[in-house]
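# Provide a 3D model corresponding to the input given below.
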Amino acid sequence: MIVAPRVTERTRQLLERAGVDYIDLRGEVRLAIPGRLLIVTRGGKEAPGDYGPDRSGRIVNPFRGKASRIVRALLADPQRWWGVTELAERVGVSAGLSVKTLKTLEGDVYVRRDSDRRVRLADGEALLRRWAAVSESAFRDAGRFASRFPNPDEVTRRLSNRLDSLGVRYAVSRLAAARFIEPYAPARVVDIYVDRDPGDLARTLGLLPVDRGESVRLVRPSDEGVFQFSGEHDTVTCVNPVQLFVDLYNGRGREPDVAERLFENRLREALTYSLSDVVSGEDPIHLRT
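Predicted coordinates for the structure are as follows:
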């Protein structure tokens, strides 16, 4: 049994996986006597994604802003060993931010280091699901528009071709992207990240602003990391599957179900391997985009 001032959600996951009981000063308790007794209580609620500074003042929230680029890169290439500076340069952040973000992830056993201090993903499924759980959908505040074409797949292709011709950086997401990556449910609305103002761009694209009943949603993301590791599918640029999972997970209706199907068919093989496998040196399979 572990007794500590504070047991975080991530620590609870690791202790329960290892079969270790715990008690903390906030009232978090797990006490198991196999075949006889199981006591589990929850104390004060932990704010989602709330990573306060440690004594060195170097902890950051890895799921927000530019720090999330580090998380996305690790999940998109789970087999790769990254140098800290190499990773920072790949995703366009400072070396300092890379160091701080990786320190947080290492403290929660989401990544591990080798003898050269390079880092690699250690618990991919847990990291992806934690990211999804604390994220909010960017498309809630998206610009809403109507297209004169009724078929969503046709709208997706036409808009993609037009955005390419205009030199606009974009990436299709949610069900419209899932149609090209892991077909399961038809899309009613085409959701697209763009690097321009949606209102100005809509006029060029021939889209009509609407208050409801939209067939297209355009959003300029708060961080352009969503465009990183995107891929082309049948001439359409879609977000990386890990970003797609996060977006679908926070959607409505059938979208969370599609997220789980995407995970099972495209992500599980690369991301779900036990910590003991990682320690033993067995390499996971590279994520299929």
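# quick one: low-confidence parts of the stretch 151-289 of the chain?
Scanning the stretch 151-289 of the chain with the threshold set as pLDDT under 70 gives 273-289.
# Scan this protein for its longest helix.
helix 152-166 (DSSP state H).
# Identify each buried residue in that helix, please.
152-153, 155-160, 163 (16 or more other CB atoms under 10 Å). The way it works is simple: take the backbone N, C-alpha and C, and place the C-beta from them, glycine included.
# Next SSE downstream of that helix?
Following helix 152-166 in sequence order, the next helix or strand is strand 170-173 (DSSP states H and E).
# now for that next one, which elements pack on it?
helix 152-166, strand 190-194, strand 236-238, helix 241-249 (3 or more CB pairs under 8 Å, 6 or more residues apart in numbering; DSSP states H and E).
# Same list as before, the ones you listed that is, but in a markdown table and with distance to R217 included.
As requested, the helices and strands packed on strand 170-173 are exported to a markdown table (distance: least, CB to CB, whole Å):
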| stretch | distance to R217 |
| --- | --- |
| helix 152-166 | 11 |
| strand 190-194 | 5 |
| strand 236-238 | 15 |
| helix 241-249 | 11 |
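# And the ones you listed: which comes nearest R17?
Closest to R17 of the helices and strands packed on strand 170-173, according to CB to CB: helix 241-249, at 21.6 Å.
# before we move on, the earlier item: out of the buried residues of helix 152-166, who's nearest A76?
When these are compared against A76 (criterion: CB to CB), the nearest one is S160, at 20.9 Å.
# For the closest residue to the closest one other than its chain neighbours, give the beta-bridge partners.
In space, and not counting its chain neighbours, S160 is closest to V236: 4.5 Å by CB to CB, 6 or more residues apart in numbering. Counting by DSSP bridges, V236 is bridged to H233.
# May I ask you to confirm that V236 is in contact with R157?
Yes. V236 is within contact range of R157, at 6.2 Å (criterion: CB atoms under 8 Å).
# residues in contact with A142?
Residues near A142 by CB atoms under 8 Å, 6 or more residues apart in numbering: 191, 198, 217-219.
# sorry, back to before: what are the contacting residues of the longest helix of the chain?
Residues contacting helix 152-166 (CB under 8 Å, 6+ apart): 147, 149, 170, 172, 176, 179-180, 186-190, 192, 194, 204-205, 215-216, 234-237.
# Quick check: PyMOL command selecting the buried ones in the residues you listed.
Buried residues within these, by 16+ other CB under 10 Å, are selected in PyMOL with:
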select buried, resi 147+149+170+172+176+179+180+187+189+190+192+194+205+215+216+236+237
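# Compute the number of surrounding residues for R118.
The number of residues packed near R118 is 15, by other CB atoms under 10 Å.
# just checking, it touches W81?
Yes. Counting by CB under 8 Å, R118 touches W81, with 4.2 Å between them.
# ok so, going back, closest to S94 among the contacts of A142?
V219 (25.8 Å).
# residues in contact with that closest one?
Per CB under 8 Å, 6+ apart, neighbours of V219: 138-139, 141-143, 191-194, 198.
# cool, and P209?
By CB under 8 Å, 6+ apart, the neighbours of P209 are 143-145, 199, 202.
# same deal with S94?
Counting by CB under 8 Å, 6+ apart, S94 has contacts A88.
# Stretch 188-203: how far from the chain's middle?
Distance of stretch 188-203 from its chain centroid, counting by CA atoms, centre = their mean, to the nearest Å, is 21 Å.
# before we move on, what about stretch 203-217?
That offset, for stretch 203-217, works out to 27 Å (CA atoms, centre = their mean).
# Numbering from 44 from now on, please.
Noted, 44 is the first residue going forward, which turns the last one into stretch 246-260.
# What is the end-to-end distance of that stretch?
Using CA to CA, to the nearest Å, the end-to-end distance of stretch 246-260 comes to 13 Å.
# where's the residue nearest to V289 when sequence neighbours are not counted, which helix or strand?
Spatial nearest neighbour of V289, excluding adjacent residues (CB to CB, 6+ apart): A175 at 4.6 Å. Here A175, judged by DSSP H and E, is contained in helix 167-177.
# who does the helix or strand following that helix touch, helix- and strand-wise?
Per DSSP H and E, the first helix or strand lying C-terminal to helix 167-177 is strand 186-189. Using 3+ CB pairs under 8 Å, 6+ apart, the elements in contact with strand 186-189 are helix 241-248, strand 251-252, strand 259-262.
# closest one to E298 among these?
Of all these, strand 259-262 comes closest under CB to CB, at 13.0 Å.
# just how off-centre is that closest one within its chain?
Worked out by CA atoms, centre = their mean, strand 259-262 lies 20 Å from the chain centre.
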